[in-house]
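Q: Pasting the sequence and the predicted model now:
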Amino acid sequence: MTPYVADPVYLNGQFLPLAEAGVSPLDRGFLYGDGVYEVIPVYSRQAFRIDEHLKRLQATLDGIKLANPLTVDAWKSVIFKLIESAPWEDQSIYLQVTRGADDKRDHAFPPSSVTPTAFAFASPLVTTPAEVRAKGVAAITVPDLRWSRCDLKVISLLANVLARQQAVEQGCAEALLIRDGFMKEGAASNIFIVKDGVLLAPPKTQLMLPGITYDVVLELAQSHGQPLEIREISETELRSADEVWMTSSTKEILAITCLDGQAVGNGEHAGKPGPFGEQMWQWYQDFKNSVMRKG
Ligand code: PDD
């Protein structure tokens with residue numbers, strides 16, 4: 001069976017087998033969910049948009065007032081070593097930094113003598129099978145119960161976990177989060193809609209994670225002259241969209257063809273992936289192959 005985590009993993013300056021990697025039960029990641037993370041896709045052993053992911057990691061660390069334990073170059077050498085040691089060509093690199101382990105439990109930050117915990121590992125990139133992509137996936141809508149700094153990629157993901165689980169229990173792949181009548185994003189993805197040939201994307205605010213894939217999709221739409229509007233999407237607009245897509249580093253671009261039990265879209269494309277999503281998926285593949293799979 002393919003292992004999910006490659007050996008070695010990285011923990012606090014060392015590369016060691018997963019079975020030997022241990023963290024204190026007093027780690028603030030464990031006690032408080034006090035930490036940050038990143039997920040970086042790797043194609044043909046090349047990390048996709050690594051600078052952007054490390055920039056977002058830094059923005060999140062700044063947002064929670066935690067000093068980055070590694071420089072950008074040090075992170076890159078950790079990531080390159082994990083990629084090189086793992087058996088797969090296409091991978092997903094997970095990075096996590098927590099505020100470390102003090103010798104007691106106290107909500108306020110620990111003294112500066114407490115060092116952050118830095119952990120990273122490689123796993124195989126699990127892509128969506130072609131037959132699933134061809135049909136699209138089902139999603140539900142749920143109230144967005146998260147806090148007000150959803151732009152930070154923090155490990156405290158309980159509201160996201162509960163939303164995704166609710167989707168899974170209803171046989172769906174994703175939960176779309178509705179706050180004050182507007183659709184913000186998915187439990188672990190950004191969401192785009194298409195209406196009358198125009199691609200609509202919610203703006204980057206503190207209530208949405210600024211996705212790296214989201215940026216690539218917007219760049220591709222712009223460079224191909226695809227009509228595009230970046231603005232809030234109401235729940236009503238979501239329900240009357242011609243197409244709905246989810247995007248993330250691991251899912252890339254995936255059509256949502258059924259929402260709360262109703263087919264997405266009208267006419268011949270109702271309940272099926274639409275032409276704009278198919279086009280965007282192709283542009284994404286071409287772009288990825290041109291930058292990652294050279295030579
Ligand atoms: N999640 N929004 C949320 C809430 C997410 O958790 C993610 C990604 C995204 C998409 O971001 P990106 O395109 O940078 O992957 C949007 C990752 C994959 C995860 O938690 O595993």
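A: Done, it's in.
Q: Please count neighbours and contacts with C-alpha atoms only from this point.
A: Fine.
Q: can you map out the strands along the stretch 101-250 of the chain?
A: In order along the chain, the stretch 101-250 of the chain carries the following strands (DSSP state E, counting those that start in this stretch): 117-124, 137-143, 174-179, 182-186, 190-195, 198-201, 228-230, 233-234, 243-248.
Q: Get me the contact residues on the stretch 101-250 of the chain for the ligand.
A: Contact residues (CA under 6 Å from any ligand atom) of the stretch 101-250 of the chain with the ligand: 186-190, 209, 211-214, 247-250.
Q: State the distance from Gly186 to Lys76.
A: Look at Gly186 and Lys76: by CA to CA, to the nearest Å, they are 29 Å apart.
Q: more neighbours, these two?
A: Using other CA atoms under 10 Å as the criterion, Gly186 and Lys76 rank with Gly186 on top: 26 against 16.
Q: list the contacts for the closest residue to that one other than its chain neighbours?
A: Computed as CA to CA, 6 or more residues apart in numbering, the closest residue to Gly186 that is not its neighbour in sequence is Leu176, at 4.3 Å. Counting by CA atoms under 8 Å, 6 or more residues apart in numbering, Leu176 makes contact with 139-142, 183-187, 191.
Q: same deal with Pro227?
A: With contacts defined as CA under 8 Å, 6+ apart, the neighbours of Pro227 are 197-199, 221.
Q: Trp283 now?
A: For Trp283, the contact set (CA under 8 Å, 6+ apart) comprises Leu220.
Q: how about the strand or helix carrying it: buried residues?
A: Trp283 is part of helix 275-292 when elements are defined by DSSP states H and E. Buried residues in helix 275-292, counted by 16 or more other CA atoms under 10 Å: 276-278, 280-281, 283-284, 292.
Q: Could you do stretch 116-130 as well?
A: Neighbour-count burial for stretch 116-130 flags 116-125 (criterion: 16+ other CA under 10 Å).
Q: could those residues go into a markdown table alongside distance to Leu31 and pLDDT?
A: Formatted as a markdown table, those follow (distance: CA to CA, whole Å; pLDDT from 0 to 100):
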| residue | distance to Leu31 | pLDDT |
| --- | --- | --- |
| Pro116 | 14 | 98 |
| Thr117 | 13 | 98 |
| Ala118 | 16 | 98 |
| Phe119 | 16 | 98 |
| Ala120 | 19 | 98 |
| Phe121 | 21 | 98 |
| Ala122 | 25 | 98 |
| Ser123 | 25 | 98 |
| Pro124 | 29 | 98 |
| Leu125 | 29 | 96 |
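Q: and of those residues, the nearest to Ala86?
A: Set against Ala86, the nearest of these by CA to CA is Ala122 (6.6 Å).
Q: my read: that closest one touches Val5, true?
A: Yes - using CA atoms under 8 Å, Ala122 is in contact with Val5, at 5.9 Å.
Q: Report the mean per-residue pLDDT for stretch 60-74.
A: In this model, stretch 60-74 has a mean pLDDT of 98.
Q: Assess the claim that Leu254 and Glu243 are in contact.
A: No - the pair Leu254 / Glu243 is not scored as a contact, 10.7 Å apart, by CA under 8 Å.
Q: So the two - more neighbours on which side?
A: Each of Leu254 and Glu243 has its neighbours counted (other CA under 10 Å); Glu243 has more, 30 against 24.
Q: What is the neighbour count of the nearest residue to Gly63 once chain neighbours are set aside?
A: Of all residues not flanking Gly63 in the chain, Leu152 sits nearest, at 6.9 Å (CA to CA, 6+ apart). Neighbours of Leu152 under the rule other CA under 10 Å: 22.
Q: Wait, Leu152 touches Thr60, no?
A: Yes - using CA under 8 Å, Leu152 is in contact with Thr60, at 4.9 Å.
Q: Between the two, which contacts overlap?
A: With contacts taken as CA under 8 Å, 6+ apart, Leu152 and Thr60 have Val36 as neighbours in common.
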